[in-house]
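A.B. asks: got a predicted structure here, sequence first:
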Amino acid sequence: DVKVTQSSRYLVKRTGEKVFLECVQDMDHENMFWYRQDPGLGLRLIYFSYDVKMKEKGDIPEGYSVSREKKERFSLILESASTNQTSMYLCASSTSGQSYEQYFGPGTRLTVT
Amino acid sequence: EDQVTQSPEALRLQEGESSSLNCSYTVSGLRGLFWYRQDPGKGPEFLFTLYSAGEEKEKERLKATLTKKESFLHITAPKPEDSATYLCAVGAGSYQLTFGKGTKLSVIP
């Protein structure tokens, strides 16, 4: 079974804090993704990575950065958290083969006050 | 630009009342259409991948079908535990997926 884990289920941070969200997958997947999910807006892609040290911007990268130093680990960084970054953050991974369905972690509910 | 539209936004069914969810898509060069189930406060759970028109896949009370413009998720004799939001996504030229906003299904005992 594919397993994607995220470092926290719930997180509360103050405006201006630096926030790290970590994601680990155990299936040797090449691709990893960070999304945020908000009511009425659906899933929106923040950043993705095809390989170690590689990253590509998604639809809403502003205010975020990422790091992928090891194949199994993909981190999302909020350099200076703002209240409009309160959201559910979801990490996913997939292979680069024909069957590239994405497998999701449990999510991190981040609240910025 | 790839687009995915799911309908209805919400659906209430009585237990045992079969129905279908719709996913319409516009994409250049479909590589796969994906269905997910999402329970409140949790990450989406992968259900099916469909690759070409005419393909069908089944899992318990769920059956997914695909045409050149849309996919249907048929739910036969649903139970309350089938209540969830069902997401549809398409993949085209890269490994990114474009998601619809989902259909929230409620099955009433």
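C.D. replies: All right, it came through fine.
A.B. asks: by proximity to chain B, which residue of chain A wins?
C.D. replies: As assessed by Cβ to the nearest Cβ, chain B sits closest to A:Phe104 within chain A, at 3.6 Å. Quick note: C-beta positions are derived from backbone N, CA and C, even for glycine.
A.B. asks: check which helices and strands the helix or strand harbouring A:Phe48 sits against.
C.D. replies: Per DSSP states H and E: A:Phe48 is located in strand A:42-49. Packing partners of strand A:42-49 (3 or more Cβ pairs under 8 Å, 6 or more residues apart in numbering or on different chains; DSSP states H and E): strand A:31-38, strand A:56-57, strand A:64-70, strand A:73-78.
A.B. asks: what about the residue of chain A closest to chain B, how many residues nearby?
C.D. replies: Counted with other Cβ atoms under 10 Å in any protein chain shown, residues neighbouring A:Phe104 total 23.
A.B. asks: show me what contacts it?
C.D. replies: A:Phe104 makes contact with A:Val4, A:Leu90, A:Cys91, A:Ala92, B:Tyr36, B:Gly43, B:Pro44, B:Glu45, B:Phe46, according to Cβ atoms under 8 Å, 6 or more residues apart in numbering or on different chains.
A.B. asks: and the pLDDT for the residue of chain B found nearest chain A?
C.D. replies: In chain B, the residue that lies nearest chain A is B:Gly43 (3.6 Å; Cβ to the nearest Cβ). Looking at B:Gly43, its pLDDT stands at 97.
A.B. asks: bridged to the closest residue to it other than its chain neighbours, which residues?
C.D. replies: Distances taken as Cβ to Cβ, 6 or more residues apart in numbering or on different chains put A:Phe104 closest to B:Gly43, at 3.6 Å, once the chain neighbours are dropped. On the basis of DSSP bridges, A:Phe104 is bridged to A:Ala92.
A.B. asks: so how far is the strand holding A:Phe48 off the chain centroid?
C.D. replies: For strand A:42-49, the separation from the chain centroid amounts to 7 Å (computed by Cα atoms, centre = their mean, to the nearest Å).
A.B. asks: repeat for stretch B:63-83
C.D. replies: With Cα atoms, centre = their mean, you get 6 Å for stretch B:63-83.
A.B. asks: so that stretch, near chain A or not?
C.D. replies: No: Stretch B:63-83 does not reach chain A (Cβ under 8 Å from any Cβ of the partner chain); its nearest approach is 12.6 Å.
A.B. asks: so the residue of chain A positioned farthest from its centre, which state does it fall into?
C.D. replies: Distance to the chain centre peaks in chain A at A:Gln98, reaching 23.0 Å (criterion: Cα atoms, centre = their mean). In the three-state summary, A:Gln98 is assigned as coil, counting by DSSP: H, G, I helix; E, B strand; the rest coil.
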